[in-house]
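A.B. asks: pasting the sequence and the predicted model now:
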Amino acid sequence: MAVEAPAKHVFDFDDDDDDDGPVVFKRNNTLSSKQNQLNSEIKKASSQRSDGHSGSRASYVQASNGQSSSSQKNKAFPSSKSLPVRSPILSPKASTSSARTSPVKSPVANFKTPASLNDHSKQALKQNKCNVVNEGKSPIKGATEANSDDDDDLRPLSAQLKGISNQGTKGASTSSTAQSHRLVSKTEIKGSTKDPDDEAPLSVRFNMKSSAGTSSSKLYDSDEKKPLASNSEQKCSTVKGKQEKSSMLSGKRPLDKGNSSDQSSAKKPKISDTPTAMKSKQLTVKAEKADEDYDDDIPISQRIKKSPPTNSKTSSMKQKAAKVVSSSLKKLNKKSKKEFKNSKYIKSTKVSPSSGDGQKKWSTLVHNGVIFPPPYKSHGIKLLYDGRPIDLTPEQEEVATMFAVMKDTDYMNKPQFKKNFWEDWSKLLGKNHTIKDLDKCDFTPIYEWHLQEKEKKKQMSSEEKKALKEEKLKQEEKYMWAIVDRVKEKVGNFRVEPPGLFRGRGEHPKMGKLKRRIRPSDITINIGKNAPIPECPIPGESWKDIKHDNTVTWLAFWNDPINPKEFKYVFLAASSSLKGQSDKEKYEKARMLKEYIKNIRAAYTKDFTSKDVTKRQIAVATYLIDKLALRAGNEKDDDEADTVGCCTLKVGNVECIPPNKLKFDFLGKDSIQYVNTVEVELPVYNAIGQFHTGKSKSDDLFDKLDTSKLNAHLKELMPGLTAKVFRTYNASITLDEMLNKETKDGDVAEKVVIYQRANKEVAIICNHQRSISKSHSAQMSRLTEKITELKGVLKELKIDLDRAKKGKPPLKDADGKQKRNLTPEVLEKKIAQTNAKIEKMERDMQTKEDLKTVALGTSKINYLDPRITVAWCKRHEVPIEKIFNKSLLAKFAWAMDVDPDFRF
DNA sequence: ATACTGACTTGCGGGCACCACT
DNA sequence: AGTGGTGCCCGCAAGTCAGTAT
């Protein structure tokens, strides 16, 4: 709606801009150049060496280009790609969709893009556009559409999107095709290629390759690579099983840039997919074109170069891989499919978002803003004050209800929670209100009403639930997508947070405070200059501000009502190329650390005994971060929970246990307790003792240190190095080494267990905990019961066996009935089966117990380089879907075409 | 040099859909 | 069909770290 009008205006320009059509290509290329430089420097160092040939680099390239790079490496291994294919996920559909467009189109598209640059070019662009459009669309729609496309562009984003999405869902053929197109190049190729390879055993394929890739790892000493923690671990007597050990952090972006340059190809896919979606995008995009043009500093030629895959073979290979992935994705919901596609594009496309700093993150950005929670509906249930029902205004009732609903939570036992709630609620009630004392309030009627509502919801028929869900989806759909550099990307959190009572973790001083409702006038929107400004969804209100800042990735933000100095951002989803790019950069930085780690460790070891206290503290802190995977530990305000990280450790958090052990006990992020006793080098032990002297328990252990000093020091050791990189490094290197050491021949299930074991190891290193589920003990006792029962059975069977051997009939069963006469052979078999059953149950119980407080997900999502997992899956013929769920597959789309030889 | 601001990543828990089992 | 268990997705809190202002 609102959008439309503006859009049209824009359009006028746009027409000129037409470049958009081709648009797709533009982005990446450009970006990559500058940003990449920075990163690339770093990367070079790291990746080249380590990887040597194939490994790291290849991966980059691939990612950036999407298609090309990976293929090279993989060539040998066509199989890699195939893996995904094999997986059940793959659907027949995949093949169809992909086939058409992509390969052909893409090249064309690329060329066009460059045009975008200036006004002059515009006309040219237009022409190009047409071409592009035709190509893309033609398969589906037809020449005519070219015109229509423009029109579409004018349409509000939502409308455009709808079209897109619908396609996906409904017009099965069309939509799917469109989507597939994006992926296209890869996919299509697949069709052709895949057959032979797929059929061959993966192992065979892989073997061939393997020789080349791995070099990097070889170079280093195994020890160096390993996280200290792992080394130390053995030594360390861990006090508690749960938490312990080592460390690492993740780094951010800057690395890949160089790679990014490749991307051009990526855009192609966009085009292809675009046919439907693109239209809309184009429209909007066009508007923005102007912007883009400026941006596109990079010479077209460069772009082009990058994009096209060189070797047919390689490219095909890669493509296969891509296909595989995509196919698996396809299985997922259509929606998800879209995402994936997008992500793929992204890979290829991505510009180089960059690395941070004031770098440009996008050229064109179109979205629909955010959606607000529905207004409060009064229920009219009265709370009791001193036993008497009390009338409340809807505003007062709303907040009372927030409190009432939390009746059965632990917050109700926290005085701070009640105090903060009362402060805010009593303000709403006003000075002269009847209610003067929270303790005299009985919220039970409201709580019961709430339970009833919950029950009603539960009792709804599945049709009703489905209808509700669809209704919600309908309302939200337009907000779910953004168009970034002409690629449709999923938005992460497009729903504005509803009002509620603040639930801090741990002993948060602000728990229970009212988190007020956010209105449009609180929200700043960030959007492309020429994109239509999202309509404000609440009539009569308007956005706080509109920005056009392409150096940041947020689409909108508002100030946190609990802490107005802080912000709540709306970002793209994890599956977006923007996020994927920075994710990749994070892992590349961690891999770079691999090259430096030996020297870094040597340096800090030397400084354990430095005369300079600051140096000594930096050395010891770095050691702890490296060895124990501690977080950096920023300073915190008084109005936050009292938690610490490395730099903020208090004297009381670290106890010296002679001769050389340290016992750590503190509350870390999210108020999760970290308890670990570790044996350390004597100089470290002595240094800690020194840091203790003359201080009280609540004093800072590292009084000369804070995170900025520490990170400044780390940067001198390696470009871009910060404390969190150690976490990423140690997590990923641990996974890589464990997988490679422990994986043996066996079936898929056994290999998955190996993976989980490695995953668990990492989770323990990172101290990723979860609360014990409420039903845990019940589940355990149930298992115990079953085992006991089975043991009883076993005993009986043994007796029967004895008797059978002597020719006697079996004993009567518990009910006094006569059992069947069985031969000793049969009985022995039964005994073996029962034993196996018992063993399995005991194993399950053990794992359950072991994992009851360990959260595996966090490391998988944030710390483990997905390429390690993907490559391992390829090497060992484990379907990637056994390890990554749908959203991880989407998030890690950029890693799917990694060479099977890849080693972290 | 320090404090503050801003942007982005990491992390846990809750609720829900789905799945296997009875 | 009902039910418990499990994994997934989402919400949003809580970190990290760079850049800027003081």
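C.D. replies: Done, it's in.

A.B. asks: C-alpha only now, for contacts and for neighbours.
C.D. replies: Noted.

A.B. asks: could you look up the SS state of the residue nearest to residue A:536 when sequence neighbours are not counted?
C.D. replies: Leaving out its chain neighbours, the residue that sits closest to residue A:536 by Cα to Cα, 6 or more residues apart in numbering is residue A:542, at 5.7 Å. Look at residue A:542: counting by DSSP: H, G, I helix; E, B strand; the rest coil, its state is coil.

A.B. asks: and residue A:542, how many neighbours?
C.D. replies: Neighbour count of residue A:542, defined by other Cα atoms under 10 Å: 15.

A.B. asks: distance check, it against residue A:455.
C.D. replies: The gap separating residue A:542 from residue A:455 is 38 Å, by Cα to Cα, to the nearest Å.

A.B. asks: with residue A:771 instead?
C.D. replies: Taken as Cα to Cα, the span from residue A:771 to residue A:455 is 26 Å.

A.B. asks: got it, and residue A:600?
C.D. replies: For residue A:600, the distance to residue A:455 (Cα to Cα) stands at 59 Å.

A.B. asks: same drill for those two, tell me which one is more crowded.
C.D. replies: For residue A:600 versus residue A:455, neighbours defined as other Cα under 10 Å are more numerous around residue A:600 (19 against 11).

A.B. asks: so how far is residue A:593 from the closest residue to that one other than its chain neighbours?
C.D. replies: Distance criterion Cα to Cα, 6+ apart; nearest residue to residue A:600, sequence neighbours excluded, is residue A:717 at 6.8 Å. Separation of residue A:717 from residue A:593 (Cα to Cα) stands at 10 Å.

A.B. asks: quick one, which of the two is more surrounded?
C.D. replies: For the pair residue A:717 and residue A:593, the greater number of neighbours falls to residue A:593 (26 against 17), based on other Cα under 10 Å.

A.B. asks: point out where chain A drops to low pLDDT.
C.D. replies: Per-residue confidence for chain A (pLDDT under 70) gives these ranges: A:1-358, A:814-815.

A.B. asks: if we go to 90?
C.D. replies: A:1-359, A:408, A:452, A:454-471, A:745-750, A:773-851 (pLDDT under 90).

A.B. asks: which of the residues in the helix or strand hosting residue A:467 are buried?
C.D. replies: Assessed by DSSP states H and E, residue A:467 sits inside helix A:462-476. The neighbour-count check on helix A:462-476 (16 or more other Cα atoms under 10 Å) flags residue A:476 as buried.

A.B. asks: hmm, the next helix or strand after that helix touching DNA strand C?
C.D. replies: Next along the chain after helix A:462-476, taking DSSP H and E as the criterion, comes strand A:481-484. No - Strand A:481-484 lies out of reach of DNA strand C by Cα under 7 Å from any atom of the strand, never closer than 12.4 Å.

A.B. asks: name the helices or strands packed onto strand A:481-484?
C.D. replies: The contact analysis (3 or more Cα pairs under 8 Å, 6 or more residues apart in numbering; DSSP states H and E) places strand A:481-484 against strand A:365-367, strand A:487-490.

A.B. asks: can you check which of these gets nearest to DNA strand C?
C.D. replies: strand A:487-490 (10.2 Å; Cα to the nearest atom of the strand).

A.B. asks: can you get me a residue count around residue A:799?
C.D. replies: Quick note: residue A:799 (other Cα under 10 Å) scores 15 neighbours.

A.B. asks: check which helix or strand it maps to.
C.D. replies: Using DSSP H and E, residue A:799 falls within helix A:776-805.

A.B. asks: and that helix, which residues are buried?
C.D. replies: When neighbours are counted by 16+ other Cα under 10 Å, the buried residues of helix A:776-805 are found to be A:780, A:783, A:787, A:790, A:794, A:796-798, A:800-802, A:804.

A.B. asks: say whether DNA strand C is contacted by stretch A:877-886.
C.D. replies: Yes - with Cα under 7 Å from any atom of the strand as the criterion, DNA strand C is reached by stretch A:877-886 at A:884-886.

A.B. asks: ok, now stretch A:453-466?
C.D. replies: No - applying Cα under 7 Å from any atom of the strand, one finds stretch A:453-466 separated from DNA strand C by no less than 10.4 Å.

A.B. asks: what does the host helix or strand of residue A:398 rub up against?
C.D. replies: Assessed by DSSP H and E, residue A:398 sits inside helix A:394-404. Contacts of helix A:394-404 with the rest of the structure, by Cα atoms under 8 Å, 6 or more residues apart in numbering, involve A:376-378, A:380, A:421, A:425, A:428-429, A:443-444, A:446-447, A:500-501, A:514.

A.B. asks: can you rerun that using 7 Å?
C.D. replies: A:378, A:425, A:428-429, A:443, A:446-447, A:500-501 (Cα atoms under 7 Å, 6 or more residues apart in numbering).

A.B. asks: next step: those restricted to helices.
C.D. replies: Members of these lying in helices (criterion: DSSP state H): A:425, A:428-429, A:446-447.

A.B. asks: which among the residues you listed gets closest to residue A:618?
C.D. replies: residue A:425 (47.1 Å; Cα to Cα).

A.B. asks: look up how far DNA strand B lies from the closest one.
C.D. replies: Between residue A:425 and DNA strand B the distance is 22 Å, computed by Cα to the nearest atom of the strand, to the nearest Å.

A.B. asks: tell me which residues touch that residue, please.
C.D. replies: residue A:399.

A.B. asks: kindly report the domain assignment for chain A.
C.D. replies: Chain A is divided into the following domains under the TED database: A:365-373+A:466-573, A:383-459, A:609-721, A:742-895.

A.B. asks: which positions in chain A make contact with DNA strand B?
C.D. replies: Counting by Cα under 7 Å from any atom of the strand, the residues of chain A near DNA strand B are A:249-252, A:356, A:465, A:551-554, A:565-567, A:569, A:579, A:582-583, A:586, A:669-670, A:672, A:728, A:766-771, A:855, A:858-859, A:862-863.

A.B. asks: and the nearest residue to residue A:364 once chain neighbours are set aside, how many neighbours does it have?
C.D. replies: Leaving aside its sequence neighbours, residue A:364 sits nearest to residue A:485 (Cα to Cα, 6+ apart; 4.7 Å). The number of residues packed near residue A:485 is 33, by other Cα under 10 Å.

A.B. asks: before we move on, what about the one 10 residues further on?
C.D. replies: Residue A:495 sits with 16 neighbouring residues when counted by other Cα under 10 Å.

A.B. asks: what does the one 5 residues further on give?
C.D. replies: Counted with other Cα under 10 Å, residues neighbouring residue A:500 total 17.

A.B. asks: interface residues of the stretch 701-850 of chain A facing DNA strand C?
C.D. replies: A:707-708, A:711-712, A:720-725, A:775, A:778-779, A:782.

A.B. asks: of the residues you listed, buried ones?
C.D. replies: Buried residues within these, counting neighbours by 16+ other Cα under 10 Å: A:707, A:711, A:720-725.

A.B. asks: distance to residue A:899 added to those, as a markdown table?
C.D. replies: A markdown table is the format used below for these (distance: Cα to Cα, whole Å):
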| residue | distance to residue A:899 |
| --- | --- |
| A:707 | 37 |
| A:711 | 33 |
| A:720 | 26 |
| A:721 | 26 |
| A:722 | 28 |
| A:723 | 29 |
| A:724 | 27 |
| A:725 | 24 |
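
A.B. asks: biggest separation within those residues, which pair?
C.D. replies: Largest separation among these by Cα to Cα: A:707 and A:720, giving 14.3 Å.

A.B. asks: and the buried ones among the contacts of helix A:394-404, selectable in ChimeraX?
C.D. replies: One line in ChimeraX is enough to select the buried ones among the contacts of helix A:394-404; burial here means 16+ other Cα under 10 Å:
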select /A:425,429,443,446,447,500,501
